[in-house]
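Trainee: sequence unknown, structure follows:
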RNA sequence: CGGGGAGUAGCUCAGUUUGGUAGAGCGCUUGGUUCGGGACCAAGAGGUCGUGGGUUCAAAUCCCGUCUCCCCGACCA
């Protein structure tokens, strides 16, 4: 393939509005172009990489017994209404109507529609289990798209759905896909961890996120260095035990704390450490019902955990005049949700529900009670690992895949039932498993680049070899370059021959930017009958004779990661 | 949704304070000299200064509206 007949437009300067390294490199190397916020076009070499990823995903899934199909991107509203997600999905869903005012959405995900399809065709347990997947563009109206294709309004996802006759079959299928996912990421040279996760809006019982190490990750998760346990903060149970020695319970005391609203201020003003302070947060549901949420001053509430406990959407109230001086004393226990650690704080400091005042020496049972005592605090670095007790780390990563057990969350409302072995009707058990294909491109670049540009792992490289005749007016250089390209191509390797009439430096820098694994230079060494070989990843350079080049190069390529 | 910043040539940006004929570098075109790490010389092309209105003899510049884009935050009492 001649460079001049390809469509590769590199940029010397980094576009101002690109933050993440992968975003900058994709723009500079000419893989993508921005069309609008969160919407990108894939230029030919970006498109090639995308296809390589899709092929790996297909190969591994097909090998694992999954079957590909293609669902529409434009979806009717009815099934979404049946499962309640037409409203639940909220503003993230692109909704539209056709000319006769029928309601549709651009699919943000496809549980409903696949369930409808399967429901029509599958009537017997003999047809189960079933693993169906598609590679399809998804549409989500993200509140804040960012980092190029990492968080965008339109993206390509591989979504797989499994259907089962029994729960054990579902769990077996889940683990099967879990293993397959590790193989997929490994085949794409991605370092990925499986992390216990929250099920999110999709519903279900347990779940994992597959998270890539990345500096631009938006998924915070806890990791145990000792046993390897990992969990997103939204799902992480905290097993912190308060082992304070028992103190004498002192008499509750009202103190003036003018203008001292934050934990930091009160901690300084009263010389109390934050973990001796009770923080009271006021939440309300959409109907305006109040919830007083109590955690230690040193802790934060994880709202995902809180919402799960409450069982509905709640919002932090910011307008109450007593904010800064709220406390659980004298609040009915039915309105209080306390964290498990909060009730153990003895002789605590807390707001007095009176402006500019706090109480000292407040104690659970005696001074306040909560009807609900739950794990709602966010895990903090150094907290004990729930499985082995070692101190956990917290780090960020980039979510590439997510697996869920959905049970009958969708099959029941959509009436996707089958006749089981004993002849009875029952809803199918369902699992769902996604991989962000477009996001993987960015993740690979995040993990494989240097200051000069991208370093493609060979499984994803748009070309295996890049051949550079230093001077295209030199007949010997061009002839040799073309001969090498032809030989490598007929041996089954994709080659890019940079035939542009530009200076050597331009070609070298573009080659480094684009990141083809092996570069061949036909230049001054040709006088000795040699071509120069550069390995992009290691920057190692050596020469080989033209005659022995092909076997040497193919052997070298086959050894590349 | 809240806050901050920015829209001037394909890209990066200057010019705006203090109103007076539209600028630079890179890129692009043509010719020549170069030819192993983003070469040089010469000649060119390219912008209704995001957009609508207002003030003024005169607006990229001042005022009001509007659109788009980027960043940060999305509330821890």
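Mentor: It's in. As the structure is a prediction and not an experimental result, all values here were calculated from the model. Numbering: from 1, shown residues only, chains lettered A, B, ... in the order given.

Trainee: tell me the domain boundaries of chain A?
Mentor: Annotated domains of chain A cover A:3-236+A:394-445, A:253-374, A:463-559 [automatic domain parsing].

Trainee: how many residues are close by residue A:225?
Mentor: 12 (other CB atoms under 10 Å). Just so you know, the C-beta spots here come from the backbone N, C-alpha and C atoms, and that holds for glycine as well.

Trainee: A strand includes it, no?
Mentor: No - counting by DSSP: H, G, I helix; E, B strand; the rest coil, residue A:225 is located in no strand; its state is coil.

Trainee: phi, psi of it?
Mentor: When read as degrees, to the nearest 10, the backbone of residue A:225 gives phi -70, psi -20.

Trainee: check the gap between it and residue A:392 for me.
Mentor: 8 Å (CB to CB, to the nearest Å).

Trainee: residue A:539 too?
Mentor: 38 Å.

Trainee: same question, residue A:98
Mentor: Plainly put, residue A:98 is 51 Å away from residue A:392 if you go by CB to CB.

Trainee: which one's more surrounded, those two?
Mentor: Relative neighbour count places residue A:392 above the other of residue A:98 and residue A:392, with 26 against 10, counting by other CB under 10 Å.

Trainee: for the residue lying closest to the more buried one once chain neighbours are set aside, give me its contacts.
Mentor: Spatial nearest neighbour of residue A:392, excluding adjacent residues (CB to CB, 6 or more residues apart in numbering): residue A:222 at 4.5 Å. By CB atoms under 8 Å, 6 or more residues apart in numbering, the residues touching residue A:222 are A:230-233, A:236, A:379, A:383, A:392-394.

Trainee: from these, which has minimum pLDDT?
Mentor: Note: of the contacts of residue A:222, the lowest pLDDT belongs to residue A:236, at 84.

Trainee: for it, which non-adjacent residue is spatially closest?
Mentor: residue A:379 (4.3 Å).

Trainee: I'd assumed the one you found was in a helix, is it?
Mentor: No - under three-state DSSP, residue A:379 sits outside any helix and is assigned coil.

Trainee: does residue A:417 touch residue A:408 like I think?
Mentor: No - using CB atoms under 8 Å, residue A:417 is not in contact with residue A:408, being 9.4 Å away.

Trainee: which residues do the two both contact?
Mentor: Common neighbours of residue A:417 and residue A:408 (CB under 8 Å, 6+ apart) are A:427-428.

Trainee: list the contacts of residue A:95.
Mentor: By CB under 8 Å, 6+ apart, the neighbours of residue A:95 are A:77, A:103-105.

Trainee: residues from the stretch 201-350 of chain A in reach of RNA strand B?
Mentor: A:261-264, A:266, A:279-283, A:295, A:297, A:299-303, A:316-318, A:320, A:323-326 (CB under 7 Å from any atom of the strand).

Trainee: go with 6 Å
Mentor: A:261-264, A:279, A:281-282, A:300-301, A:303, A:316-318, A:323-326 (CB under 6 Å from any atom of the strand).

Trainee: one step back: what pLDDT does the residue nearest to residue A:392 get?
Mentor: For residue A:222, pLDDT reads 90.

Trainee: ok, now how distant is it from RNA strand B?
Mentor: Going from residue A:222 to RNA strand B by CB to the nearest atom of the strand, to the nearest Å gives 16 Å.

Trainee: my read is that residue is in a strand, agree?
Mentor: Yes - the assignment for residue A:222 by three-state DSSP puts it in a strand.

Trainee: for the stretch 351-500 of chain A, what lies in contact range of RNA strand B?
Mentor: A:351, A:452, A:470-471, A:473.

Trainee: among the residues you listed, who's most crowded?
Mentor: Neighbour-wise, these (other CB under 10 Å) top out at residue A:351, 26 neighbours.

Trainee: ok, that residue - contacts?
Mentor: Contacts for residue A:351 (CB under 8 Å, 6+ apart) come out as A:280, A:322, A:324-327, A:357-359.

Trainee: what pLDDT is listed against it?
Mentor: 92.

Trainee: the one 10 residues further on too?
Mentor: pLDDT, residue A:361: 94.

Trainee: on that earlier part again, comparing the domains of chain A, which gets the lowest mean pLDDT score?
Mentor: domain A:253-374 (a mean of 88).

Trainee: can you check the distance spanned by it, start to finish?
Mentor: Using CA to CA, to the nearest Å, the end-to-end distance of domain A:253-374 comes to 27 Å.

Trainee: stretch A:385-402 now?
Mentor: First-to-last residue span, stretch A:385-402, CA to CA: 22 Å.

Trainee: by proximity to RNA strand B, which residue of the stretch 301-450 of chain A wins?
Mentor: residue A:323 (3.0 Å; CB to the nearest atom of the strand).

Trainee: what secondary structure does that residue sit in?
Mentor: Secondary structure state of residue A:323, per three-state DSSP, is coil.

Trainee: I'd guessed it sits against residue A:261; true?
Mentor: Yes - counting by CB under 8 Å, residue A:323 touches residue A:261, with 7.1 Å between them.

Trainee: what number of residues lie near the residue nearest to residue A:236?
Mentor: Quick note: residue A:379 (other CB under 10 Å) scores 29 neighbours.

Trainee: on that earlier part again, dump the residues of the stretch 351-500 of chain A next to RNA strand B to JSON lines, plus secondary structure.
Mentor: Converted to JSON lines, those look like this (three-state DSSP):
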{"residue": "A:351", "secondary structure": "strand"}
{"residue": "A:452", "secondary structure": "coil"}
{"residue": "A:470", "secondary structure": "coil"}
{"residue": "A:471", "secondary structure": "coil"}
{"residue": "A:473", "secondary structure": "coil"}
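
Trainee: returning to that earlier point: show me what the residue nearest to residue A:392 is bridged to.
Mentor: Going by DSSP bridges, residue A:222 is paired in beta bridges with residue A:231, residue A:394.

Trainee: before we move on, what about residue A:429?
Mentor: Bridge pairing for residue A:429 (DSSP bridges) gives the partners residue A:164.

Trainee: pull the contacting residues for it.
Mentor: With CB under 8 Å, 6+ apart, residue A:429 has these contacts: A:163-167, A:169-170, A:406-408, A:411.

Trainee: now the most centrally placed residue in chain A: closest residue in space that isn't a chain neighbour?
Mentor: Closest to where the C-alpha atoms of chain A average out (CA atoms, centre = their mean) is residue A:399, at 1.5 Å. Nearest residue to residue A:399 in three dimensions, chain neighbours excluded: residue A:219, at 4.6 Å (CB to CB, 6+ apart).

Trainee: list the contacts for that neighbour?
Mentor: Contacts of residue A:219 (CB under 8 Å, 6+ apart): A:195, A:209, A:211, A:232, A:396-399.

Trainee: likewise for residue A:183?
Mentor: Contacts of residue A:183 by CB under 8 Å, 6+ apart are residue A:60.

Trainee: of all the contacts of residue A:95, which two lie farthest apart?
Mentor: A:103 and A:105 (7.6 Å; CB to CB).

Trainee: and stretch A:546-561, which residues are buried?
Mentor: A:546, A:549-550, A:553-554, A:556-557, A:560 (16 or more other CB atoms under 10 Å).

Trainee: residue A:46 looks like it's in a strand, true?
Mentor: No - assigned with three-state DSSP, residue A:46 falls outside any strand and is helix.
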